[in-house]
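**Q** All I have is the shape, not the residue letters:
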């Protein structure tokens, strides 16, 4: 009876290289470089292929059931209990009740996968990240003025901590001419805005970049 062996493309390439090594078409160093493995590892593979043939490169657990797999009989029992007693429970709560009342202990993730397969639980869809676009800069001079301030001891030990305040026009053209000023109180910020409004025709929104401006 013919025996079929399933191999990945990577395993096929590995087998071809080991066969060339066995046939002395290449040496151990060349095989190690081609497989990106150590020479010692290549020697072990060569020994396995000499002993078991192509099966020597295939993992021994391939084709066998996982040790973590729930027995079919037990899985059917869980399904019946979920449908009859816990159809409106969440996976975590259902797992707790199965353990507490029926002595069936399994991870909530396992119970969740069973509930999804049985249409007892709908997985939450991941929220799509919102595409964020750069805000277009204002077209006209004076449409938006952005203020930023920094509290420092600008005069070193000759005075108290004060705020260096700068006003920047959002438009991509030259600034509106407000020089950086030094102020300690918010009233001076508003005063600078009043002076600027006298020079501009359009109303001007303000953007305070630094929350430290207001203390």
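**A** Looks like it came in fine. Note that the coordinates shown come from a computational prediction; the quantities given were computed from them, not determined experimentally.
**Q** Phi, psi for residue 136 please.
**A** The phi and psi torsions at residue 136 (degrees, to the nearest 10) take the values phi -70, psi 140.
**Q** What of the one 10 residues further on?
**A** Here the main-chain torsion angles of residue 146 (degrees, to the nearest 10) amount to phi -100, psi 130.
**Q** Next, the buried residues of whichever strand or helix holds residue 166.
**A** Using DSSP states H and E, the secondary-structure element containing residue 166 is strand 162-169. Using 16 or more other Cβ atoms under 10 Å as the test for burial, strand 162-169 gives 162, 163, 165, 167, 168, 169. Using the backbone N, CA and C atoms, a C-beta is placed for each residue, glycine as well.
**Q** Let me know the average pLDDT across that strand.
**A** Averaged across strand 162-169, pLDDT comes to 78.
**Q** Check which helices and strands it sits against.
**A** With contacts defined as 3 or more Cβ pairs under 8 Å, 6 or more residues apart in numbering; DSSP states H and E, strand 162-169 has these neighbours: strand 145-152, strand 181-183, helix 186-199.
**Q** So which helix or strand of this structure has the lowest pLDDT on average?
**A** Taking all helices and strands of the chain together, the one with the lowest average confidence (mean pLDDT, DSSP states H and E) is strand 181-183, at a mean of 42.
**Q** Going by secondary structure, the residue nearest in space to the middle of the chain is in what exactly?
**A** Central residue of the chain (Cα atoms, centre = their mean): residue 129, 11.4 Å from the mean position. Taking DSSP H and E as the definition, residue 129 sits outside all helices and strands.
**Q** on that earlier part again, mean pLDDT for the helices and strands packed on strand 162-169: which is lowest?
**A** Per-segment mean pLDDT for the helices and strands packed on strand 162-169 reaches its minimum on strand 181-183, at a mean of 42.
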